[in-house]
Structures are given as structure tokens and as C-alpha cells.
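> no sequence on hand, only this structure:
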């Protein structure tokens with residue numbers, strides 16, 4: 001069983017060894033964030049909810065240091081810093097927060113899953129575009145349409161008479 005935070009303690013930092021069961025799935029074919037690089041912080045969740053919400057710290061924030069992560073290659077690091085620049089703070093840390101659930105454990109899992117999807121989407125490289133040529137039939141059709149449009153426009157002009 002996982003240790004939960006003490007009641008009404010405010011913000012508490014937890015080491016990732018408590019959460020080794022929350023493993024990130026493969027982010028790219030050859031990349032996975034080690035659990036040791038993640039840090040968790042639990043605080044009280046805001047909003048309505050009554051006494052339970054006022055007593056327990058169910059909001060979970062997962063943090064991952066991108067700039068100093070030893071598990072990233074330089075190319076991966078540069079790509080993450082470029083793609084996630086709006087999500088990374090000045091110290092090079094990505095913060096992902098989950099507070100939708102009433103359970104701290106479910107919020108932890110949701111935050112890690114969200115971080116996983118975020119990094120996976122950023123590391124995915126787009127497929128290179130293949131240059132293609134229009135077919136001969138497509139060229140003929142385009143030129144024929146141009147000719148027809150030109151004739152149509154010519155017919156709109158008033159006829160000039162030579163007298």
C-alpha cells in the first residue's frame with residue numbers, strides 16, 4: 001500500500017521511490033522517463049467539496065527536470081525544449097498537475113499519464129513530406145480549365161467595332 005500524505009499538512013514533497021508502481025510507458029521507441037527523475041508534490045485541492053477537501057492533500061503535481069535529465073539524448077532534449085517551451089519554467093522543469101479526482105493516488109496516476117502523453121507527443125517526429133508531380137492528365141485538365149475560363153472572360157468584354 002502506498003503511503004498517503006498526512007492530513008492538513010499543506011505542501012509536501014515526496015520521493016519517487018514511494019511511487020515505483022507508476023511507471024511511464026514507452027515515450028518514444030527508445031525513451032522512457034525513469035521514476036527516479038520524477039518528483040511529486042501534493043497539496044490541497046481547491047474548489048467545492050466540503051470537509052473532505054479541506055482536510056486532505058489530493059492535488060498532485062509531477063515535476064521533471066528536462067535540462068539535466070541524464071536519460072535524454074541532446075537531440076531529444078533540444079526537441080523537448082523547443083516543442084514544450086511554453087510548459088517549461090526558467091529552471092528547465094515541466095510541471096503537470098492533476099486535481100480532478102478525490103483520491104491522491106488517482107491524481108498521481110493521472111498526472112504521470114498526462115506527462116507521458118505530453119512528452120510522447122513532443123518527441124514524435126513528423127513524417128517527411130514526399131514531393132509529388134501532378135500527372136499528365138491533371139496538367140491537361142488544368143490547362144483546359146484555364147483556356148475555358150479565359151474564353152469566358154473574353155466574352156464578357158464589349159465587342160469593339162471597326163468603322
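Nice, I can see it. Given the structure is predicted, the values throughout are model-derived calculations rather than measurements.

> and the pLDDT at the closest residue in space to residue 45 that isn't next to it in sequence?
When the adjacent residues along the chain are set aside, residue 45 lies closest to residue 59, with 4.0 Å between them (Cβ to Cβ, 6 or more residues apart in numbering). Backbone N, C-alpha and C define where each C-beta goes, glycine included. Looking at residue 59, its pLDDT is 87.

> partner residues bridging residue 59?
For residue 59, the beta-bridge partners are residue 43 (DSSP bridges).

> surely it and residue 97 touch.
Yes - contact criterion Cβ atoms under 8 Å: residue 59 and residue 97 qualify, at 6.7 Å.

> what's residue 64 sitting at in phi/psi?
phi -140, psi 120 (degrees, to the nearest 10).

> grab the nearest non-local neighbour of it.
Nearest one to residue 64, counting by Cβ to Cβ, 6+ apart, is residue 94 at 5.0 Å.

> which strand residues bridge that neighbour?
For residue 94, the beta-bridge partners are residue 64, residue 88 (DSSP bridges).

> distance check, residue 132 against residue 58.
53 Å (Cβ to Cβ, to the nearest Å).

> look at these two and report which has more neighbours.
More crowded of residue 132 and residue 58, by other Cβ atoms under 10 Å: residue 58, with 25 against 6.

> tell me the contacts of the more buried one?
When contacts are counted by Cβ atoms under 8 Å, 6 or more residues apart in numbering, residue 58 touches 42, 44, 45, 99, 101, 102, 103, 104, 107.

> so which helix or strand takes in the residue nearest to the spatial centre of the chain?
Centroid-nearest residue in the chain: residue 118, 3.1 Å away (criterion: Cα atoms, centre = their mean). Residue 118 belongs to helix 104-123 when assigned by DSSP states H and E.

> quick check: which helices or strands does that helix pack against?
On a contact count with 3 or more Cβ pairs under 8 Å, 6 or more residues apart in numbering; DSSP states H and E, helix 104-123 meets strand 38-43, strand 59-65, helix 74-83, strand 93-98.
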